[in-house]
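In: give the three-dimensional model of this entry:
(one chain, ligands or ions: 2)
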Amino acid sequence: IKQENVRNFSIIAHIDHGKSTLADRILEKTKALTQRQMKEQFLDAMDLERERGITIKLNAVQLNYKHKNEEDYLFHLIDTPGHVDFTYEVSRSLAACEGAVLIVDAAQGIEAQTLANVYLALDNDLELIPVINKIDLPNADPDRVAQELEDVIGIDKDEVILASAKDDIGVDEIMERVVSDIPSPSGKMENPLKGLIFDSMYDPYRGVITYICVKEGSVKVGDKIRLMANDKEFEVNEIGVFRPNPVPQDELTVGEVGFLTASIKNVSDTRVGDTITLAKNPAETPLPGYKRLNPMVFCGLFPVDSNQYNDLREALERLELNDSSLQYDAESSQALGFGFRCGFLGLLHMEIIQERIEREFNISLITTAPSVIYEVEKTDGETVEVDNPSTMPDTQLVQEVREPFVKATVMVPNDYVGPVMEIAQKKRGQFVDMQYLDEVRVNVVYHIPLSEIVYDFFDKLKSKTKGYASFDYDLIGYHASKLVKMDILLNGDTIDALSFIVHRDFAYERGKNIVDKLKDLIPRQQFEVPVQAAIGNKIIARSTIKALKKNVLSKLYGGDVTRKRKLLEKQKEGKKRMKMVGSVEVPQEAFMAVLEMN
Ligand code: GDP
Ligand code: MG
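Out: Ligands and ions are numbered 1, 2, ... in the order given. Sure, this is the predicted structure:
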């Protein structure tokens, strides 16, 4: 197939607007899947993705499309992750495309990630094909949404396709518009190879599988390639395309999207956004936009059973093979023993890794509350980065603490603007801007410390707006704040894993909140346990866990045996996530308690 009949595109949407459903329809119509292979939402492969309804890994499928003019076209449909944690990956996968199908839900209209994705698409100079999906819904309002697309994004409302991916309305028109509106790839076959890496994954038998889009030149099996970010060289063993199952090929030529393997042992060698060229006849400059990803959120992961420390290390090693943005370092806590301090791109990324460790590796974890990276300027002039509250230097040694701020964009119906502003103020937000998208919908912009977002910002937002708010954020930089470290003492001992950083103005309130919360979360012991919050040597709040009066089991002696066994099993169940900390048994929830406060 000629290069001018190639179309590389992506589908972008706010979560749940129907991206996966449309992708499935397109796969079906281009007969990429036989009925037998067809299972719903093929592109969301991992179980976890399916359950959460999100797409974590990018995928690229090659499809044959026969236009009604009888010409044959080659489509590469590139899937993008939908969550704000993976913005950079979205941007790189969009860089592999010349166009994008923009889906907006006919009932919901434009939401925060619709806009965020549109900006990324425009940054990558993509042609947009606007689609209003779910017009079959009884509460669909396509006219209003089309007007919104015109007013907010500047799309001519007459160009919008009305569709229902579910009922197969408008899908043929979408494919015709892919042909007519999206340009073919513009590179040249005779130029030196430039292949954009937009994803990679680790396969235990073949090494790293690198997903690339060939922007210039071509690459064959046996070629020696060079990764331009680190100058490492490898020989290509295998090349292929996904249709959607992998199909081997001898080469990938300009415009094609597929994969290659080259006995690469480590995914961190094949960073998303890097350019692959040939060792012989290399390109002079890499493709633009490569950026190293730095984790923004950190937490401690500790095995509940300390015998599983090595298993946890192995699990992290395995996950890191597949995920170059996951970081970890050994950490030891007086309270929790040996574990790892891990860095993540964001909260969702953190949750996914935790869940995979527990499910795929069968390790029960205690996780500590997430933290951001603080810049601490000490009185001796030295500046240190602190990603673990327990390692914050003593207050008297600290000159200034700086923390990361984000620009948070919240989109809500105007009835909820009040509650949104209230939450943002409480989270130390600084008001930046507010715009009406139409008569009813408002875009509210605040600068907010990332640490407050990491805490329960999004949950609060959802509950206070009945789920109507959508949210997106971008890191904007570091600013000084009046921050102090709060220590928590159980039975007189400081529990390092419970320390957290708090703004001085909120310290008293949070200290009071957390000791009350811990009192409820930590089960009664055989003895009375004081719970205290302290800044430096100063105790600022205290509560007491009363001693257990009677042994619950003793009541049951001589009683019903099955009931007794059930109770024992229940206790065991509950104990899974308990950790002896000094003399006190502490449940997992206690380490997260700090997240659920104002
Ligand atoms: P994604 O998060 O953008 O990938 O969205 P999905 O494709 O997973 O769709 C989210 C939900 O909307 C699913 O329950 C779909 O069945 C449903 N859905 C998708 N397209 C349509 C449509 O055209 N009409 C209706 N009524 N529901 C749809
Ligand atoms: Mg999806």
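In: got the CA positions of stretch 588-597 in CSV?
Out: The C-alpha coordinates for stretch 588-597 follow below in CSV (Å, rounded to 0.1, in the frame of the first residue of the first chain):
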residue,chain,number,x,y,z
GLN,A,588,-3.2,-0.7,57.4
GLU,A,589,-5.9,2.0,57.5
ALA,A,590,-4.0,3.9,60.2
PHE,A,591,-1.1,4.6,57.8
MET,A,592,-3.6,6.2,55.4
ALA,A,593,-5.6,8.1,58.0
VAL,A,594,-3.7,11.3,57.3
LEU,A,595,-5.2,11.3,53.8
GLU,A,596,-8.8,11.5,55.0
MET,A,597,-8.6,14.8,56.8
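In: what's in contact with it?
Out: With contact meaning Cβ atoms under 8 Å, 6 or more residues apart in numbering, stretch 588-597 is reached by 304, 366-370, 455-456, 497-498, 500, 510, 513-514, 517-518, 521-522, 577-579. Where C-beta positions appear, they are placed from N, C-alpha and C, glycine not excepted.
In: try stretch 285-293
Out: Residues contacting stretch 285-293 (Cβ under 8 Å, 6+ apart): 88, 91-92, 95, 194, 196, 215, 228-229, 271-275, 277, 324-325, 345.
In: can you name the residues bridging to the residue of the stretch 101-250 of the chain found nearest ligand 2?
Out: Closest residue of the stretch 101-250 of the chain to ligand 2, Cβ to the ion: residue 103 (10.5 Å). Listed beta-bridge partners, residue 103: residue 13, residue 131 (assigned using DSSP bridges).
In: tell me the confidence at it?
Out: Residue 103 is assigned 97 on the pLDDT scale.
In: next: residue 283.
Out: pLDDT, read off for residue 283, is 96.
In: kindly indicate whether it is helix, strand or coil.
Out: coil (DSSP: H, G, I helix; E, B strand; the rest coil).
In: which ones are touching it?
Out: 191-194, 216-217, 228, 275, 277.
In: state the distance from it to residue 257.
Out: 18 Å (Cβ to Cβ, to the nearest Å).
In: that older thread, from residue 149, how far out is the residue of the stretch 101-250 of the chain closest to ligand 2?
Out: For residue 103, the distance to residue 149 - Cβ to Cβ - is 11 Å.
In: kindly report the same for residue 10.
Out: 18 Å.
In: settle it for me: which of the two has more neighbours?
Out: Neighbour tally, residue 10 and residue 149, criterion other Cβ atoms under 10 Å: the higher count belongs to residue 10, 28 against 25.
In: check what pLDDT that one gets.
Out: 95.
In: how about it, secondary structure?
Out: Going by three-state DSSP: residue 10 is strand.
In: wait, it sits on residue 95?
Out: No - using Cβ atoms under 8 Å, residue 10 makes no contact with residue 95, being 10.0 Å away.
In: okay, helices next: where are they in the chain?
Out: 19-29, 47-52, 87-95, 112-123, 142-148, 171-181, 309-322, 347-361, 417-426, 450-452, 458-464, 507-521, 561-575, 588-592 (DSSP state H).
In: ligand 1: which of these is closest?
Out: Taking Cβ to the nearest ligand atom, helix 19-29 is the member of the helices of the chain nearest to ligand 1, at 3.3 Å.
In: what mean pLDDT does the closest one get?
Out: Rounded mean pLDDT across helix 19-29 is 90.
In: CA atoms of that helix as CSV?
Out: Presented in CSV, the C-alpha positions along helix 19-29 are these (Å, rounded to 0.1, in the frame of the first residue of the first chain):
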residue,chain,number,x,y,z
LYS,A,19,-13.3,5.5,23.2
SER,A,20,-12.9,1.7,23.7
THR,A,21,-16.4,1.0,22.3
LEU,A,22,-15.6,3.0,19.1
ALA,A,23,-12.2,1.3,18.8
ASP,A,24,-14.0,-2.1,19.0
ARG,A,25,-16.5,-1.1,16.3
ILE,A,26,-13.7,0.0,14.0
LEU,A,27,-11.8,-3.3,14.6
GLU,A,28,-14.9,-5.2,13.9
LYS,A,29,-15.7,-3.3,10.7
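In: next, see if that helix gets close to ligand 1.
Out: Yes - using Cβ under 6 Å from any ligand atom, helix 19-29 comes into contact with ligand 1 via 19-21.
In: top of the residues you listed by number of neighbours, please.
Out: Counting neighbours by other Cβ under 10 Å, residue 19 leads these with 26 neighbours.
In: that residue and residue 11 touch, don't they?
Out: Yes - with contact defined as Cβ under 8 Å, residue 19 reaches residue 11; the gap is 4.8 Å.
In: check contacts around the residue of the stretch 101-250 of the chain closest to ligand 2.
Out: Here residue 103 is in contact with 11-13, 17-19, 22, 131-133 (Cβ under 8 Å, 6+ apart).
In: which one of these is nearest residue 384?
Out: Nearest to residue 384 among the contacts of residue 103 is residue 12, at 39.9 Å by Cβ to Cβ.
In: grab the nearest non-local neighbour of that closest one.
Out: In this structure, residue 12 finds its nearest non-sequential neighbour in residue 117, 4.0 Å apart by Cβ to Cβ, 6 or more residues apart in numbering.
In: what does this structure put close to ligand 1?
Out: So far as Cβ under 6 Å from any ligand atom goes, the chain lies against ligand 1 at 13, 15-21, 53, 133-134, 136-137, 164-166.
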